[in-house]
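let me see the structure of the following:
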Amino acid sequence: MTSALPGETPRAAPAAGGALRWDYDPWREHPVTAALAALSALALCALVVAARLPFLLAAALCIACLMVFAPALSPVECRVDGAGAARRGPLGWERRGWDRVRRIERVPAGVLLSPFPARHWLDGPRGLTLPLPAGRAGELLPAIEARRGAREG
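Numbers count the residues shown, from 1 in each chain. Okay, the predicted model is just below:
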């Protein structure tokens with residue numbers, strides 16, 4: 001991996017064997033969407049509070065509302081290497097080894113690593129979506145596929 005200055009995201013390494021790392025901040029990439037998601041989450045929490053439910057139930061429902069909108073609100077760190085891909089979000093790391101990835105597909109949110117060879121209704125919950133920064137999508141997708149190909153080779 002190439003080195004970068006503090007606060008700068010490293011560029012993709014040309015060799016297929018090195019680790020590839022990038023950060024994705026939805027507040028920087030899509031500020032309007034992030035703001036609308038935050039307002040929606042707060043509005044849902046306000047509805048829960050207005051329902052005057054018991055405190056623990058209301059707190060759990062508010063947390064659930066926030067977690068539904070988490071992909072549009074929280075920054076994500078992504079890492080791809082010869083062993084697999086990982087994404088660190090608000091609840092920690094989520095990792096998929098290349099042996100569990102049967103399809104790589106470009107989706108509007110980034111790139112989907114799916115355990116199914118063709119589109120499947122369980123792609124969302126069982127797959128791993130790595131968000132791609134708009135300026136680096138063309139650079140990162142071939143680098144991700146190269147790391148998976150190096151593992152299969």
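
which stretches of this protein have low pLDDT?
Residues of the chain that meet the criterion pLDDT under 70 lie in 1-17, 150-153.

and the strands in it?
20-24, 76-80, 84-89, 92-97, 103-107, 110-114, 128-131 (DSSP state E).

direction included, what does the fifth one pair against?
Right, strand 103-107. Using DSSP bridges, the strands paired with strand 103-107 in its sheet are strand 110-114 (antiparallel).

farthest residue from the center of the protein?
Distance from the C-alpha centroid of the chain, by C-alpha atoms, centre = their mean, peaks at Arg52 (34.4 Å).

which parts of stretch 42-58 are buried?
Across stretch 42-58, burial judged by 16 or more other C-beta atoms under 10 Å covers Leu44, Cys45, Val48, Ala58. For every residue, glycine as well, the C-beta is placed using N, CA and C.

equivalent analysis for stretch 139-153, please.
In stretch 139-153, counting by 16+ other C-beta under 10 Å, buried: Leu140, Leu141, Ala143, Ile144, Ala146, Arg147, Arg148, Arg151.

can you check stretch 22-39 too?
Trp22, Tyr24, Pro26, Ala34, Ala37.

alpha carbons only: can I get that stretch in PDB?
In PDB, the C-alpha atoms belonging to stretch 22-39 read as follows (Å, rounded to 0.1, in the frame of the first residue of the first chain):
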ATOM      1  CA  TRP A  22     -10.300   3.800   1.700                       C
ATOM      2  CA  ASP A  23     -12.700   5.800   3.800                       C
ATOM      3  CA  TYR A  24     -16.200   6.800   2.800                       C
ATOM      4  CA  ASP A  25     -18.000   9.700   4.500                       C
ATOM      5  CA  PRO A  26     -21.600  10.100   3.500                       C
ATOM      6  CA  TRP A  27     -21.700  13.600   4.900                       C
ATOM      7  CA  ARG A  28     -18.900  14.600   2.400                       C
ATOM      8  CA  GLU A  29     -20.200  12.500  -0.600                       C
ATOM      9  CA  HIS A  30     -23.900  13.100  -0.300                       C
ATOM     10  CA  PRO A  31     -24.600  15.900   2.300                       C
ATOM     11  CA  VAL A  32     -28.200  16.400   1.300                       C
ATOM     12  CA  THR A  33     -29.000  12.700   1.600                       C
ATOM     13  CA  ALA A  34     -27.200  12.500   5.000                       C
ATOM     14  CA  ALA A  35     -29.100  15.500   6.300                       C
ATOM     15  CA  LEU A  36     -32.500  14.100   5.100                       C
ATOM     16  CA  ALA A  37     -31.600  10.800   6.800                       C
ATOM     17  CA  ALA A  38     -30.700  12.500  10.000                       C
ATOM     18  CA  LEU A  39     -34.000  14.500  10.000                       C
END
